[in-house]
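Participant: With the input below, show me the fold.
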Amino acid sequence: MIVLKSVITGIVGVLLLFAIKIVAKVIGVYPMTLAFKVKGRQALYTTMMMSTGLTFGSISALFGLTHGYIDQAQYSILVTVVILIAPIHRSISHRPFYPTSHPLTQHP
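Facilitator: Below you'll find the predicted structure:
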């Protein structure tokens, strides 16, 4: 169960974890898009849409809570970040990075 009070009091932590997750995503995914010869806006779009981490993030937070590695307040903050990251990434990436054409559907 997410405790809203913990999320509100830990908003700085939520924002910090959100920023770290975006930076880690760019460092981890963007070079791979370039390695697969995806360029420009499509590479940025792919980077933002890949690995939102909903499943792994929520399962690992629950594991930490049930095994005593984190408390309820930390769990609330982590799950909030995990849940918010997917729709925020989608909305961020759709406007500026959405590809105008898909490289596999272009005809010579």
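Participant: Could you report the neighbour count for residue 83?
Facilitator: Other residues near residue 83 come to 15 when the count uses other CB atoms under 10 Å. Using the backbone N, CA and C atoms, a C-beta is placed for each residue, glycine as well.
Participant: and residue 28, how many residues sit next to it?
Facilitator: 12.
Participant: What helix or strand is it located in?
Facilitator: Following DSSP states H and E, one finds residue 28 within helix 11-35.
Participant: distance between that helix and the chain's centre?
Facilitator: 7 Å (CA atoms, centre = their mean, to the nearest Å).
Participant: buried sites along that helix?
Facilitator: If you call a residue buried by 16 or more other CB atoms under 10 Å, then helix 11-35 has these buried ones: 13-14, 17-18, 21-22, 25, 29-30, 33.
Participant: do the same with stretch 48-60
Facilitator: 48-50, 52-53, 57.
Participant: re earlier: now the helix or strand just after the helix holding residue 28, how far from the chain's geometric center?
Facilitator: As assigned by DSSP H and E, the chain's next helix or strand after helix 11-35 is helix 40-49. Computed by CA atoms, centre = their mean, the chain-centroid distance of helix 40-49 equals 13 Å.
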